[in-house]
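Undergrad: Please find the sequence and the predicted model below.
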Amino acid sequence: MKWIRRALAVAAATIVTAVGLTGVPAAAQSVPGAAEPAQTSPVWDSSTVHEVQVALDQGEYLAMITEYLATGDKGWISADVTIDGRFFPEAGMRLKGNSSLWGVNPNSSPTELPWLIRLDKFVDQDFDGYERFVVRSSYTESSLNEALALRLLEEAGLAATKSFPGSFSVNGEPALLRLIVQEPDKQFDRENFGEDGGTLYKKKFDGDFSYLGDDPEIYDDIWEPKGGDKSNWQPLFEFLDWLNNSSDAEFAAELADRMDAEAFARYLAFQELIGNWDTIDGPGQNGYLRFTPSTGQMTVVAWDHNLSFAVLPDPGDPPPNAPKPWGCPCVERAMAVPEFQQLYAQSLEQLQADLFDSGLALSALDELAAPLAASGLIGSDALARDRSQIQGAFPDGASTDPPVGGGCTAVYSVTNDWGSGFTASVEVTMGETAGAWEVSWQWPGDQRITNAWSSTVVQSGTAVSASGESWNATLASGQSTSFGFNAEYTGFNQPPTPTCTAV
């Protein structure tokens, strides 16, 4: 998404009022039609780790893996699934994902693989109205980055899948901590958009956003209607035709009529803030399109956030003037419209203030991490590492500690790292009440402080505490000071999460 930032850099500094492109509403995404009230099933309670146990036939499992390796087809097998003690016999299971399945082989542990579970595939059954669950792949032990992204997506007023942390095990293997997510299906569509005759379209991994005519059979391997009216292909055909064949002037003039521009700008701004490049414009082309008949507009629906908060490096953009081999042209074409650029900039500013500067993101991270820490499924060091990685990827200006009141905050940063040692600084800011301060943290690795300045630093094992010198030990309300140190380490220099205490 680097090119989006470049587009904004050259945008006009003044606000351009567009005909049909309005400002961003403060409340949630406006969805025409009566959305179905969200279900209140306890399975989506993220304050506890839920138990998911699967029993499947090992021979069927091996045959499924063999077929996938030979043909790429993801066949269904039958399995008995137990969720929080509720038994669902003969549920359907198949592999889920694309790049997440690279390296799978007959020796792969089924407990470690990504799965799609459909309770109703072979038997008419559901869990409090929910039939389909996705056992997500993850690049972290905790999956906290995706869980937080989904929580914040909902707070941003955008359609978001539900999720819960799960203790997942297949055929009695040791349980692993996995994030379980609602599949965007007919239930998801009803909850977010209502029974309005609209359609949710899933873009498959292969293929692109080209317009290939009006024959549904041509699109069988590229698109799949998922929720709502699954037989209604025409809105997708008309959208792809406009997207690919309209002139720049026509695209700009019709953008607000063809797409929910406010929601689209908010979607793009949100993905930028959470550091997720694997979007509808990324290599995986992850996302859905949703057509709403009452407005005649397409909405981009977010999906797949396991790379959120900079878990993997952004692959970057193609060289200048080179064709982009992936992604929806809707992003680049919309960002070429000055009015939409302004809408995007407004969304970016508002969402950063609402989600990050307010401290909401950090509070949500603490809340989501709490049941994981008590689960026994993840070590304290690994959980601290993941939390620090996520917090370190918060956008500039984001709150890095809860509201301070009469306390203080501490912000840690590495200013230089040469592989076996580093230099770091810590900025301390006093809250509403003047006083002295003390900063403490636990190293997640084997970091050892060798010398420090502008503070008295004591390290015992992995525990570190620091207090001010005579000249900066006491700060006025709102006043800041900083101290620094040099340290040595081996392995990975994962940053800690410091805590500041007014004393």
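TA: On my side now, so go ahead. Numbering: from 1, shown residues only.

Undergrad: Can you list the residue ranges for helices in the chain?
TA: Applying DSSP state H to the chain gives helices spanning 2-9, 58-71, 144-155, 186-193, 234-245, 248-258, 261-273, 329-335, 338-351, 360-373, 380-392.

Undergrad: Quick one: closest of the ones you listed to D214.
TA: Counting by CB to CB, D214 lies closest to helix 234-245 out of the helices of the chain; the figure is 4.8 Å. Yep, even glycine has a C-beta here, placed from its N, CA and C like the rest.

Undergrad: now the closest one: mean pLDDT?
TA: Taken as a whole, helix 234-245 carries a mean pLDDT of 96.

Undergrad: repeat for stretch 413-424
TA: 86.

Undergrad: how long is it end to end?
TA: By CA to CA, to the nearest Å, the extent of stretch 413-424 from end to end equals 6 Å.

Undergrad: tell me which residues in it are buried?
TA: The neighbour-count check on stretch 413-424 (16 or more other CB atoms under 10 Å) flags G421, F422, A424 as buried.

Undergrad: Report the beta-bridge partner residues of the last one.
TA: In this entry, A424 is beta-bridged to V414, F485, by DSSP bridges.

Undergrad: Check the gap between it and R448 for me.
TA: Applying CB to CB, to the nearest Å, the value for A424 to R448 is 12 Å.

Undergrad: any shared contact partners between the two?
TA: With contacts defined as CB atoms under 8 Å, 6 or more residues apart in numbering, the residues adjacent to both A424 and R448 are A487.

Undergrad: ok, M430 - contacts?
TA: So M430 contacts C408, W437, L475, A476, S477, G478, Q479, S480, A502 (CB under 8 Å, 6+ apart).

Undergrad: Go through those and name the one nearest V134.
TA: Of these, the one sitting nearest to V134 (CB to CB) turns out to be C408, at 41.9 Å.

Undergrad: in the sheet, who's paired with the nearest residue to the closest one once chain neighbours are set aside?
TA: In this structure, C408 finds its nearest non-sequential neighbour in C500, 4.2 Å apart by CB to CB, 6 or more residues apart in numbering. C500 forms beta bridges with V439, as assigned by DSSP bridges.

Undergrad: what about C500, how many neighbours?
TA: Residues near C500, counting by other CB atoms under 10 Å, number 24.

Undergrad: so it touches V411, yeah?
TA: No. Using CB atoms under 8 Å, C500 is not in contact with V411, being 9.2 Å away.

Undergrad: one step back: T456 is nearest to which of the helices of the chain?
TA: Nearest of the helices of the chain (CB to CB): helix 380-392, 24.2 Å.

Undergrad: quick check: mean pLDDT across the closest one?
TA: Computed over helix 380-392, the average pLDDT equals 88.

Undergrad: Buried residues in that helix, which are they?
TA: So helix 380-392, judged by 16+ other CB under 10 Å, has buried residues L383, A384, R385, D386, R387, S388, Q389, I390, Q391, G392.

Undergrad: residue ranges with poor pLDDT in this protein?
TA: Counting by pLDDT under 70, the chain has low-confidence residues at 1-40, 315-325, 397-406.

Undergrad: Quickly list the domain ranges of it.
TA: Domain assignment of the chain by automatic domain parsing yields the ranges 2-35+187-357, 42-129+132-184, 404-502.

Undergrad: Take these and write them to JSON lines, including distance to A369.
TA: Shown next, in JSON lines, are the domains of the chain (distance: least, CB to CB, whole Å):
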{"stretch": "domain 2-35+187-357", "distance to A369": "13"}
{"stretch": "domain 42-129+132-184", "distance to A369": "6"}
{"stretch": "domain 404-502", "distance to A369": "11"}
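
Undergrad: wait, which of those domains is closest to A374?
TA: The nearest among these, by CB to CB, is domain 42-129+132-184 at 8.0 Å.

Undergrad: Next up, the contacts around Q442.
TA: A384, T462, A463, V464, P496.

Undergrad: Name the nearest residue to the fourth one, ignoring sequence neighbours.
TA: It stands for V464. Spatial nearest neighbour of V464, excluding adjacent residues (CB to CB, 6+ apart): W441 at 5.4 Å.

Undergrad: who's Q53 bridged to?
TA: Under the criterion used (DSSP bridges), Q53 bridges to T82, S169.

Undergrad: My guess is it contacts T82. True?
TA: Yes. Q53 lies in contact with T82 (CB under 8 Å); the separation is 4.5 Å.

Undergrad: then stretch 225-235 to CSV, C-alphas only?
TA: Taking Å, rounded to 0.1, in the frame of the first residue of the first chain, the C-alpha atoms of stretch 225-235 are listed here in CSV:
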residue,chain,number,x,y,z
PRO,A,225,-21.6,-15.7,-4.8
LYS,A,226,-21.6,-16.5,-1.1
GLY,A,227,-24.3,-14.7,0.9
GLY,A,228,-27.7,-13.3,-0.1
ASP,A,229,-29.0,-14.0,-3.6
LYS,A,230,-26.4,-16.4,-4.9
SER,A,231,-27.9,-16.5,-8.4
ASN,A,232,-27.5,-12.8,-9.0
TRP,A,233,-24.4,-12.3,-11.2
GLN,A,234,-25.5,-9.3,-13.1
PRO,A,235,-24.4,-6.6,-10.6
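
Undergrad: And V49, how close does it get to S308?
TA: Remark: distance between V49 and S308 (CB to CB) = 20 Å.

Undergrad: Of these two, which one has the most company?
TA: S308 (25 against 21).

Undergrad: Now the more buried one: closest residue in space, sequence neighbours ignored.
TA: What sits nearest to S308 in space, not counting adjacent residues and going by CB to CB, 6+ apart, is A149, at 4.0 Å.
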